[in-house]
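*Asks:* what's the 3D shape of this:
(one chain, ligands or ions: 2)
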Amino acid sequence: MSNLLLVEDETRMREVIKMLLSDLPLNIFEACDGAEALDIFNSETIQMVITDLKLPKIGGMDVLKQIKDVKPEVPVIVITAFGSIDNAVEAIHQGAFDYVTKPFTEDKLRSCVKKAMEISRLTSEVQYLRREIEGKYAFNNIVGNSCEICEILRLAGEVSHRDTTVLITGESGTGKELLSRATHINSARSKRPFLPVNCAAIPAPLLEAELFGHEKGAFTGAHQLKKGKFELAAGGTLFLDEIGDMQLDVQAKFLRVLESKSIERLGGHRTIATDVRIIAATNKDLEKMVSEGKFREDLYYRISVFPIRIPPLRERRDDIPLLSQYFINEFSTTFGRRPPIMSDRVMEMLYNHPWKGNIRELRNVLERAMILTKGDQITARHVILHESHGKPLGELNLDQIVELLIREHRIGLEDMEKKYIQYAMEISSNNVSKAARLLGLSRATLRYRLDKM
Ligand SMILES: Nc1ncnc2c1ncn2[C@@H]1O[C@H](COP(=O)(O)OP(=O)(O)OP(=O)(O)O)[C@@H](O)[C@H]1O
Ligand SMILES: [Mg+2]
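*Replies:* Ligands and ions are numbered 1, 2, ... in the order given. A predicted model of the protein is given here:
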């Protein structure tokens, strides 16, 4: 049901309109003059308005203006008298959605109202999605309580409302994209687009077309004019992800655009002014690339005005408990269950893991653990930590596994033996003979060790 406000001083006319719209899902509020209309508009959640222009007290044009001042997104249909086309033009100029001329046909009124209902539905959907996105990418969704993350949030908070170019560096999975989105959401540009371009995923010639656009016929296959991301992001933020992978010739063009604040589409001669804020990100060492001649020095200085480095997770292990709890809560909500508790052993494993894939890896490990956990406790059995020597655990040989256990997990011999026996017992449902077979021991030896434990 949508709430419609119908403003009309003639009772008979109101009745006719109500009858014509009676089968639409509308809840109709009625007002017989402009003052009453504004009272209702300000006290109820009105999604659309139909107003006559000729009204006692406050005229329809003023009602329209005041509504547009407060809630420009609400569609207003005006009813004008036959022959007063000037009024209709003026109303459209003031932001009216459409107009109908008295006497109107049933079809005209109904199609106009249906269109307005659709617009109003889409508008509220957009508002809802925008709130969702803003919530998801606000700074308070960047979790962590280490000194490092607090300092990053302070820096990002300071720079967000300026138009300064920001360069975010950090290993894969450290949260570079999350931080850029939050920076955009907290800037004055938040109502305009945030457009990501992945410089690594697009081959050089296409990347130019993607960034700067092209005219029709600029090259074979350019069947029609295409605006580039610089134009599409107007008023907003362009997020250049993996900027370290941008080819040198594209770098040169990009630098010119940054300096002149204008672009030319490929195959075009017209200069188009740009209005975008640039946030760039990379997991490469740009300074090293500069010294190797792989990244332009002048471009580097231009984009590194405000660098923010996100350290890898292993350099801010203090964030691990909070992040883990955050992801467990997140997946519990998704799976619709009570958040399980992490055993101390799990906490210790998570704390000590090298996290080469950083927060993305932690999130994945916990998602898997949540799927494997049936009860209300996540135990070591549920936590599968891959990646060591850059390889999945299944591909390591015994020596590498021993090295991993001793060096990375710091597990001593006694603990190891205990774990080995516990695990064998667990998967043999506490049948000592079965467990002994698995461990290559006699039943008596296992019994003895179990007693010792
Ligand atoms: N501080 C954090 N709090 C909560 N979630 C985080 C945090 N940092 C990263 N994440 C989550 O980790 C995942 C990886 O983050 P993101 O994609 O921003 O990393 P990235 O640095 O851009 O990685 P890549 O270099 O691989 O593109 C995302 O799911 C993101 O939401
Ligand atoms: Mg990324």
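*Asks:* where does this structure get nearest to ligand 1, residue-wise?
*Replies:* Across the chain, the shortest distance to ligand 1 (Cβ to the nearest ligand atom) belongs to residue 175, at 2.6 Å. For glycine as for every other residue, the C-beta is placed from the backbone atoms N, C-alpha and C.
*Asks:* and the stretch 251-400 of the chain, which residues reach ligand 1?
*Replies:* By Cβ under 6 Å from any ligand atom, the residues of the stretch 251-400 of the chain that approach ligand 1 are 283, 323, 359, 360, 363.
*Asks:* low-confidence ranges in the stretch 51-200 of the chain?
*Replies:* 134-136 (pLDDT under 70).
*Asks:* out of the residues of the stretch 251-400 of the chain next to ligand 1, who's the most crowded?
*Replies:* Comparing these by number of neighbours (other Cβ atoms under 10 Å), residue 359 comes first, having 25 neighbours.
*Asks:* hang on, the earlier thing: what's the farthest-apart pair in the residues of the stretch 251-400 of the chain next to ligand 1?
*Replies:* Farthest-apart pair in those is 283 and 323; separation 19.3 Å (Cβ to Cβ).
*Asks:* how is the chain divided into domains?
*Replies:* 2-132, 138-311, 313-409, 412-453 (automatic domain parsing).
*Asks:* for the longest one, the distance to its chain's centre please.
*Replies:* Right, the one you point to is domain 138-311. Centroid separation for domain 138-311 versus its chain: 16 Å, with Cα atoms, centre = their mean, to the nearest Å.
*Asks:* hang on, the earlier thing: closest to residue 8 among the residues of the stretch 251-400 of the chain next to ligand 1?
*Replies:* Nearest to residue 8 among these: residue 363, at 57.0 Å, using Cβ to Cβ.
*Asks:* about what we covered before: contact partners for the residue of the chain closest to ligand 1?
*Replies:* Residues in contact with residue 175 (Cβ atoms under 8 Å, 6 or more residues apart in numbering) are 142, 310, 358, 359.
*Asks:* turn those residues into TSV, columns for secondary structure.
*Replies:* Below are the contacts of residue 175 laid out as TSV (DSSP: H, G, I helix; E, B strand; the rest coil):
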residue	secondary structure
142	coil
310	coil
358	helix
359	helix
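*Asks:* so of the residues you listed, which two are at opposite extremes in space?
*Replies:* Greatest spacing in the contacts of residue 175, by Cβ to Cβ: 142 and 358 (13.5 Å).
*Asks:* quick one: pLDDT of the closest residue to residue 384 other than its chain neighbours?
*Replies:* Excluding its sequence neighbours, the residue lying closest to residue 384 (Cβ to Cβ, 6 or more residues apart in numbering) is residue 368, at 6.0 Å. Note on residue 368: pLDDT of 88.
*Asks:* same thing with the one 10 residues further on?
*Replies:* Confidence per residue is given as pLDDT, and for residue 378 that number is 94.
*Asks:* for it, the count of nearby residues, please.
*Replies:* 24.
*Asks:* equivalent analysis for the one 5 residues further on, please.
*Replies:* Taking other Cβ under 10 Å as the criterion, the count of residues near residue 383 is 20.
*Asks:* SS state for the closest residue in space to it that isn't next to it in sequence?
*Replies:* In this structure, residue 383 finds its nearest non-sequential neighbour in residue 369, 5.1 Å apart by Cβ to Cβ, 6+ apart. Using three-state DSSP, the structure places residue 369 in helix.
*Asks:* from what I see, residue 369 and residue 380 are in contact.
*Replies:* No - when contacts are counted by Cβ atoms under 8 Å, residue 369 is not listed as touching residue 380 (9.8 Å).
*Asks:* anything in contact with each of those two?
*Replies:* Common contacts of residue 369 and residue 380, defined by Cβ under 8 Å, 6+ apart, comprise residue 346.
*Asks:* could you check how far residue 405 is from residue 151?
*Replies:* 34 Å (Cβ to Cβ, to the nearest Å).
*Asks:* residues touching residue 440, list them.
*Replies:* So, once contact is read as Cβ under 8 Å, 6+ apart, residue 440 ends up touching nothing.
*Asks:* typo on my end, it should be residue 421
*Replies:* Residue 421 is in contact with 435, 439, 446, 449, 450, 453, counting by Cβ under 8 Å, 6+ apart.
*Asks:* now the buried members of those.
*Replies:* 435, 439, 446, 449 (16 or more other Cβ atoms under 10 Å).
*Asks:* which of those residues sit farthest apart?
*Replies:* Spanning the widest gap among the buried ones among the contacts of residue 421 are 435 and 449, at 10.5 Å by Cβ to Cβ.
*Asks:* ok, residue 405 and residue 151, which is more surrounded?
*Replies:* Neighbour totals were compared for residue 405 and residue 151, and residue 405 leads with 16 against 13 (other Cβ under 10 Å).
*Asks:* surely that one is in contact with residue 416?
*Replies:* Yes - applying Cβ under 8 Å, one finds residue 405 in contact with residue 416, separated by 6.8 Å.
*Asks:* could you pull out the strands for the stretch 201-350 of the chain?
*Replies:* Per DSSP state E, counting those that start in this stretch, the stretch 201-350 of the chain carries strands over the ranges 213-214, 226-227, 237-241, 262-263, 272-273, 277-282, 306-309, 341-342.
*Asks:* and the angle for the third one with strand 277-282?
*Replies:* Between strand 237-241 and strand 277-282, the angle formed by their directions is 10 degrees, by axes from the mean of the first three to the mean of the last three Cα atoms, to 10 degrees.
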